[in-house]
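>>> I would like the atomic coordinates for the input below:
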Amino acid sequence: QREVSRTTIKNMLALFPIINHANVCDLLMQCGKHGAEPELERCVPILAAHTPDVDRDKALLLPRKVILSVLRHEALSDIDHAYALGRDFLLKESPGLAMAIAKMDKHGGQAPVDRNKRPRIGTEDWYAVEILDTLFLIRNKIKKREMESSRSLPSFRILIICAELFEDYRMDVREKLMRSGCTQVEIVLAHQRNPSLEQLLTFHSVLVWSNADFHDPNSLGDILADAADEGTGVVLCPYALNAAGGGGSIGGRILQYLPCSLGFIEGGEELTLIHNKHQLQEHPECQPLVDGVKELSGGRESMHMTVEQVIGNDHCLCVSKWSNNVPAVLINLPDKRRLGGVAVWNCRPGSSDVSDHGWLSKGQGQRLLFNMLKFTTATKSE
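Below is the predicted model of the structure:
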């Protein structure tokens, strides 16, 4: 029956942790009403940690600032429940945002509010827009979790991203990967369009090469780098690393992750694969890359790129070389900011079954490519 004021709020907070979290909504409403900012900050973690247990009707009465603080809090125990709470709150308090919320529910993405046209800071409209922005971030976390869950199924899913005009060549690569043990291999024609990041994140690893111009090499490189950051393995083959430039050479942020330089096209003589024993001894964790690969010829033409290993980065290793001493298998191992590995197989990925420029199919090129795709992914597979 006592009058509620900042003083009594402080007295109530002194009862923590005796006070039940079910009463925190009442306390937060009083904090918001009486401008008790420090006390509000003490209450928010309690609500955030128990979002599934709060009374929904009571929570919808909370001030906008409280809702925003709860949604932003790192201690959120249930992002699905938090998303539903924030969504219901906006539909109730700001029905004009209903279309934006419907789009968010379906696609996620970025909040459709121009930063240059945002309401004045501290107004109710400003809080509504900030809540919407935060909900978009939470929605994207939910989508990412769902995608990672699909990747964690007992399978090994590969996406081929190629600017390759010849269907028989594409199918040769796909069929050999399927025979190696991949449970699903899909193809994106990168001379026609780029895949989305969301699409890449549903696969364990991606294989990239070009024999024509990419649709948008810079954007594709950015998407590949984002996917590698999240744990998708990336393996690149010629001629995607062409130093001569042009649309067939990959661009964007993935260039920062390459274990080697770009190079020029070279070939015309048969080359054989030689493992770098010194590098493998120093880095035994890389042995799975070459397991079962004892003999491999690049074929009659042995087309490759004149790439050079990146020096000065302990994560960038050359595991195998061609018999002309040009790097053949390189890897940039994962680091703290990038969960997936980025590898280069300096050989056209199609075999001699479909091309004079391909590796001899009697060798273990099929096994090597499978090893590289398996090694680079951060997601467990079977």
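>>> quick one, strands of the stretch 251-382 of the chain?
Remark: strands assigned in the stretch 251-382 of the chain by DSSP state E, counting those that start in this stretch are 265-266, 273-275, 304-305, 316-322, 327-332, 342-345.
>>> So for whichever helix in the chain runs longest, what gets flagged as buried?
Longest helix of the chain, by residue count under DSSP state H: helix 124-151. By neighbour count on 16 or more other Cβ atoms under 10 Å, the buried set for helix 124-151 is 127-136, 138-140, 147, 151. (C-beta placed from N, C-alpha, C; glycine too.)
>>> Quickly note the distance from Thr123 to Lys65.
11 Å (Cβ to Cβ, to the nearest Å).
>>> Which of the two has more residues huddled nearby?
Lys65 (19 against 12; other Cβ atoms under 10 Å).
>>> show me the contacts for the closest residue to Leu273 other than its chain neighbours.
Closest residue in space to Leu273, ignoring its immediate chain neighbours: Leu296 at 4.1 Å, by Cβ to Cβ, 6 or more residues apart in numbering. Residues counted as contacts of Leu296 (Cβ atoms under 8 Å, 6 or more residues apart in numbering) are Thr272, Leu273, Trp359, Leu360, Gly363, Gln364, Gly365, Leu368.
>>> Hmm, the third one is touching Gly365, no?
Yes: counting by Cβ atoms under 8 Å, a contact exists between Trp359 and Gly365, whose distance comes to 4.0 Å.
>>> Give me the common contacts of the two.
Leu296, Cys347, Ser351.
>>> hang on, the earlier thing: give the PyMOL command for selecting the buried subset of the contacts of Leu296.
Buried subset of these, written as a PyMOL selection, criterion 16+ other Cβ under 10 Å:
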select buried, resi 273+359+360+363+364+365+368
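>>> Identify, from the contacts of Leu296, the entry nearest to Gly233.
Among the contacts of Leu296, Leu368 lies closest to Gly233 (Cβ to Cβ), at 14.2 Å.
>>> quick one: the helices in this protein?
6-13, 24-34, 37-49, 56-59, 64-72, 79-93, 98-107, 124-151, 167-180, 197-200, 217-229, 277-282, 365-376.
>>> which stretches of the stretch 101-250 of the chain have low pLDDT?
Low-confidence segments of the stretch 101-250 of the chain (pLDDT under 70): 107-117, 146-154.
>>> I'd like to know how far Arg367 sits from Pro259.
Distance from Arg367 to Pro259, by Cβ to Cβ: 20 Å.
>>> Show me which of the two is the more surrounded one.
Pro259 (24 against 18).
>>> Tell me which residues touch the more buried one, please.
Applying Cβ under 8 Å, 6+ apart, the residues contacting Pro259 are 309-310, 313, 315-318, 330-332, 342-344.
>>> Out of those, flag the one nearest to Thr376.
Using Cβ to Cβ, these come closest to Thr376 at Ala343, 5.2 Å.
>>> quick one: that closest one and Ile331 touch, right?
Yes: if you go by Cβ under 8 Å, Ala343 and Ile331 touch, sitting 4.6 Å apart.
>>> which residues do these two both contact?
With Cβ under 8 Å, 6+ apart as the test, Ala343 and Ile331 both reach Pro259, Leu289, Met372, Phe375, Thr376.
>>> For these, could you give me CSV that also reports pLDDT?
Shown next, in CSV, are the shared contacts of Ala343 and Ile331 (pLDDT from 0 to 100):
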residue, pLDDT
Pro259, 97
Leu289, 96
Met372, 97
Phe375, 96
Thr376, 96
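>>> circling back: now render the strands of the stretch 251-382 of the chain as a markdown table, adding distance to Tyr239.
Formatted as a markdown table, the strands of the stretch 251-382 of the chain follow (distance: least, Cβ to Cβ, whole Å):
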| stretch | distance to Tyr239 |
| --- | --- |
| strand 265-266 | 6 |
| strand 273-275 | 19 |
| strand 304-305 | 7 |
| strand 316-322 | 16 |
| strand 327-332 | 15 |
| strand 342-345 | 12 |
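>>> Mind putting those strands into TSV with mean pLDDT?
Compiled in TSV, the strands of the stretch 251-382 of the chain are given as follows (pLDDT from 0 to 100):
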stretch	mean pLDDT
strand 265-266	94
strand 273-275	97
strand 304-305	96
strand 316-322	97
strand 327-332	98
strand 342-345	98
